[in-house]
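1. just the structure for this:
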Amino acid sequence: MKYVLLNYTKAETAGERRPREMHPAVAAVLERPDVSGWVRLQPAESATTLRLESRKVLLTDGPFVDSKEFLAGLILVEAENLDGALAVAAELQELDVTAAIEVRPVLEQELGGA
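-> Below you'll find the predicted structure:
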């Protein structure tokens, strides 16, 4: 089963986010075969949010909500069950590289359309 690890960071450190060397222990976890992909995101201020209001799509600069933490990246893992995915998240959390990690199962279904 696939799980996504949503990596949250503290909003007050957002200005400090810049390309930097990844901690070797974190890189080792991300290079394992049970981790099938990962991305780091630009700060929340770079987001554009779309909402449907009165049947019109409105664009807003910035994040969806104001928060103490923001989504900084995501990691896709393969695990037999939730416990396996939680183990990967716990390894990363113990490296103290993030404020919080939300673990969520991926809805595996075929997408329709073109």
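2. buried residues, stretch 70-82. List them.
-> 70-72, 74-75, 77-79 (16 or more other Cβ atoms under 10 Å). Placement of C-beta: from N, CA and C, glycine included.
3. report the two of the residues you listed separated the most.
-> Phe70 and Glu78 (26.3 Å; Cβ to Cβ).
4. quick one on the thing from earlier: could you export the buried residues of stretch 70-82 as TSV, including secondary structure?
-> Formatted as TSV, these follow (DSSP: H, G, I helix; E, B strand; the rest coil):
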residue	secondary structure
Phe70	strand
Leu71	strand
Ala72	strand
Leu74	strand
Ile75	strand
Val77	strand
Glu78	strand
Ala79	coil
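5. can you tell me which of these is nearest Pro105?
-> The closest of these, once distances to Pro105 are taken by Cβ to Cβ, is Ala79, at 9.6 Å.
6. list the contacts of the most centrally placed residue in the chain.
-> With distances taken as Cα atoms, centre = their mean, the residue of the chain nearest its centroid is Leu74 (2.6 Å). Residues counted as contacts of Leu74 (Cβ atoms under 8 Å, 6 or more residues apart in numbering) are 4-7, 38-39, 41.
7. ok, the residue nearest to Ala100 when sequence neighbours are not counted to Leu59 distance?
-> In space, and not counting its chain neighbours, Ala100 is closest to Tyr8: 4.4 Å by Cβ to Cβ, 6 or more residues apart in numbering. Distance of Tyr8 to Leu59, computed by Cβ to Cβ, to the nearest Å: 24 Å.
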